[in-house]
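*Asks:* Sharing a model that was predicted from the sequence below.
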Amino acid sequence: MICGGTVFGFILPHAANAAHIWTALARRDQTRTWGVRDDFSIDWAESADASGWLYRETVSPPMALWIAGSGHIAQAVAPLAQTLDFDVTVFDDRPELANTTNFS
């Protein structure tokens, strides 16, 4: 990588067998931990025991961020927070500022 960082990855030969896990993770309605076992099988990994896992990851619902006022600061912060996976809500009683044109 040009930044000098390192990326690690692996191919999961039976990823399609875990479709129910991917579907549950995509909903992001609750905090769930999934992982890849030593035999490359994919399963829920919600116990504290770390043995037997090549990889474990916890996926959580987005955190809520409420912004009071929809001025220039909110118009800069809201899109940034959305890219950082926050569930953003902006409150303002001024319809000329609190509209989807400023926050899309």
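*Replies:* Happy to help now that I have it.
*Asks:* Enumerate the positions of the helix or strand hosting residue 43 that are buried.
*Replies:* In this assignment (DSSP states H and E), residue 43 forms part of strand 42-44. For strand 42-44, the neighbour count (16 or more other C-beta atoms under 10 Å) marks residue 42 as buried. To be clear about C-beta, it is placed using only N, CA and C from the backbone, and glycine gets the same treatment.
*Asks:* show me what contacts the closest residue to residue 74 other than its chain neighbours?
*Replies:* Nearest residue to residue 74, sequence neighbours excluded (C-beta to C-beta, 6 or more residues apart in numbering): residue 67, at 4.7 Å. With contacts defined as C-beta atoms under 8 Å, 6 or more residues apart in numbering, residue 67 is in contact with 74, 77-78, 88-91.
*Asks:* Tell me how far residue 43 lies from residue 20.
*Replies:* For residue 43, the distance to residue 20 equals 11 Å [C-beta to C-beta, to the nearest Å].
*Asks:* Can you give me the pLDDT of the residue nearest in space to the middle of the chain?
*Replies:* Closest to where the C-alpha atoms of the chain average out (C-alpha atoms, centre = their mean) is residue 85, at 5.7 Å. We have a pLDDT of 91 for residue 85.
*Asks:* Quick check: it touching residue 62?
*Replies:* Yes: shown here, residue 85 and residue 62 form a contact pair, counting by C-beta atoms under 8 Å, at 5.2 Å.
*Asks:* Overlap of the contact sets of the two?
*Replies:* If you check residue 85 and residue 62 against C-beta under 8 Å, 6+ apart, no residue is contacted by both.
*Asks:* Run through the helices of the chain in chain order.
*Replies:* Counting by DSSP state H, the chain has these helices, from start to end: 19-27, 72-83.
*Asks:* Make CSV from these and add distance to residue 101 to it.
*Replies:* As requested, the helices of the chain are arranged in CSV below (distance: least, C-beta to C-beta, whole Å):
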stretch, distance to residue 101
helix 19-27, 30
helix 72-83, 10
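*Asks:* Quick check on the contacts of residue 67: which are buried?
*Replies:* 74, 78, 88, 90.
*Asks:* So what's the predicted local confidence for the third one?
*Replies:* Think residue 88. With respect to pLDDT, residue 88 scores 94.
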